[in-house]
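K.L.:
Sequence and predicted model, in that order:
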Amino acid sequence: MSAPIQTISGAAPIFYVVDEHDHPPGGSTMLGFWLYLMSDCLIFAMLFATFGVLGTSYAAGPGPKDLFDLKLVAINTAMLLFSSITYGFAMLEMMKGRVKSTQMWLAITGLFGLAFLCIELYEFHHMIHEGAGPWRSAFLSSFFTLVGTHGLHVTFGIIWLVTLMVQVAKFGLIEANQRRLMCLSMFWHFLDVVWIGVFTFVYLMGVLR
Amino acid sequence: MSADAHASHGHDDAHGHGHDDGRDHGSFKSYMTGFILSVILTAIPFWLVMTGAIENKNWTIAIVVAFAMVQIVVHMIYFLHMNTTSDAGWTMMALIFTVIVVVIALSGSLWVMYHLNVNMMPVHDMRNMP
């Protein structure tokens, strides 16, 4: 980058540790990805705070009791929980180096994720059809923003999952793919953690209110 | 670990794996434990709210929130494999920092906005409108 600066004694100062030990490629990826998830967590925290503030401003429109179908939410929660455990099984198979069963569990995870998305889209469609879209009230604006952001995350998670399945099919369970699968594992489980907050604070407490 | 130059760095890279930094990858047993605990911790709040088993709403809310908190911890431990040793504790540090920021942001927003609503809203109460 720049020419070495000569000190008075004539010896070039050392700006970095010359004998640095090897960092394996991707050695810090997991920590970096964890930091990303934590920043994502802050996004969701802000959306939760917004919902907490605006969640009772119905503008004389429909409230949670009129709109939420807890049976549907329970099924949705089950889908996400099942997808979490099947991803866990995929990780266990990956550790054993079994490509086929890893792919199978990943596919099942993707299907559960897709089921979750379909149910959520059905719910959104149903609400918008009844005139309870995000424009109706501050409550619905914050609801659609929070739950929709989570749904978008799941969507991108599924796209990522399919991408990784193609990668694994092409290159096998090489170290890079294992690392990617572990990142997606954290992402997927993190989304499930966010969903705990959603079903508790948005749906259950909304219906109780 | 062999007594080579690496020992002086205090870095345990002897296994040759890029991901071996004190991380726990879980086992079948730990995943199943987490799953079963999650199912129980999800089913009870849904059952409480859907059947209205407890008359007092505030108690129901308190129990539901408590279950959610426990379930988040369960997910952190059994699914996200949080521990204090992975990446020399930096994942835990990042988590603690995030939790502190989240608590400040959430409680601060709710507190300030609640008081704004109470002190500055017009007299009529929108919540009682149809």
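P.N.:
Received it, and whenever you're ready, just let me know what you need. Numbers count the residues shown, from 1 in each chain, chains lettered A, B, ... in the order given.
K.L.:
Let me see the contact set for B:Met92.
P.N.:
Under the criterion of Cβ atoms under 8 Å, 6 or more residues apart in numbering or on different chains, the neighbours of B:Met92 are B:Met82, B:Asn83, B:Thr84, B:Ser86. In short, each C-beta sits where N, CA and C put it, glycine included.
K.L.:
can you map out the helices along the chain?
P.N.:
No chain in the question, so chain A it is. Counting by DSSP state H, chain A forms helices over residues A:29-54, A:64-67, A:70-95, A:99-129, A:138-171, A:175-197, A:205-208, given from the N-terminal end onward.
K.L.:
my bad, chain B
P.N.:
Under the criterion DSSP H, chain B contains helices at B:28-51, B:57-74, B:90-120.
K.L.:
Check which residues of the longest one are buried.
P.N.:
Think helix B:90-120. By neighbour count with 16 or more other Cβ atoms under 10 Å in any protein chain shown, helix B:90-120 contains the buried residues B:Thr91, B:Met92, B:Ala94, B:Leu95, B:Thr98, B:Val102, B:Leu106, B:Ser109.
K.L.:
That one relative to helix A:29-54, how many degrees between them?
P.N.:
Computed with axes from the mean of the first three to the mean of the last three Cα atoms, to 10 degrees, the direction of helix B:90-120 lies at 10 degrees from that of helix A:29-54.
K.L.:
try the first one
P.N.:
Per the same axes, to 10 degrees, the angle that helix B:28-51 makes with helix A:29-54 is 10 degrees.
K.L.:
centre of the chain versus helix B:28-51, how much separation?
P.N.:
Taking the mean C-alpha point of helix B:28-51 and that of its whole chain, the gap between them comes to 15 Å (Cα atoms, centre = their mean, to the nearest Å).
K.L.:
Can you name every helix or strand that that helix contacts?
P.N.:
Identification of packing neighbours for helix B:28-51 by 3 or more Cβ pairs under 8 Å, 6 or more residues apart in numbering or on different chains; DSSP states H and E yields helix A:70-95, helix B:57-74.
K.L.:
And the second one, by the same measure?
P.N.:
Helices and strands touching helix B:57-74, as assessed by 3+ Cβ pairs under 8 Å, 6+ apart, comprise helix A:175-197, helix A:205-208, helix B:28-51.
K.L.:
got the angle for it vs helix B:28-51?
P.N.:
Using the same axes, to 10 degrees: helix B:57-74 against helix B:28-51 is 160 degrees.
K.L.:
Convert the C-alpha atoms of helix B:57-74 to CSV, please.
P.N.:
Output in CSV follows, covering the C-alpha atoms of helix B:57-74 (Å, rounded to 0.1, in the frame of the first residue of the first chain):
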residue,chain,number,x,y,z
LYS,B,57,-56.2,-12.3,31.6
ASN,B,58,-53.2,-10.7,33.2
TRP,B,59,-52.2,-14.0,34.6
THR,B,60,-52.6,-15.7,31.2
ILE,B,61,-50.4,-13.0,29.6
ALA,B,62,-47.8,-13.4,32.3
ILE,B,63,-47.7,-17.2,31.8
VAL,B,64,-47.6,-16.9,28.0
VAL,B,65,-44.8,-14.5,28.1
ALA,B,66,-42.9,-16.6,30.6
PHE,B,67,-43.2,-19.6,28.3
ALA,B,68,-42.0,-17.6,25.4
MET,B,69,-38.9,-16.5,27.3
VAL,B,70,-38.1,-20.1,28.3
GLN,B,71,-38.7,-21.3,24.8
ILE,B,72,-36.3,-18.7,23.3
VAL,B,73,-33.6,-19.9,25.8
VAL,B,74,-34.4,-23.5,24.8
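K.L.:
Now do it, average pLDDT.
P.N.:
When the per-residue pLDDT values of helix B:57-74 are averaged, the result is 95.
K.L.:
Generate a markdown table for the helices of chain A, with mean neighbour count as supplementary columns.
P.N.:
Putting those into a markdown table (neighbours: other Cβ atoms under 10 Å in any protein chain shown) gives the following:
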| stretch | mean neighbour count |
| --- | --- |
| helix A:29-54 | 18 |
| helix A:64-67 | 16 |
| helix A:70-95 | 21 |
| helix A:99-129 | 17 |
| helix A:138-171 | 17 |
| helix A:175-197 | 21 |
| helix A:205-208 | 20 |
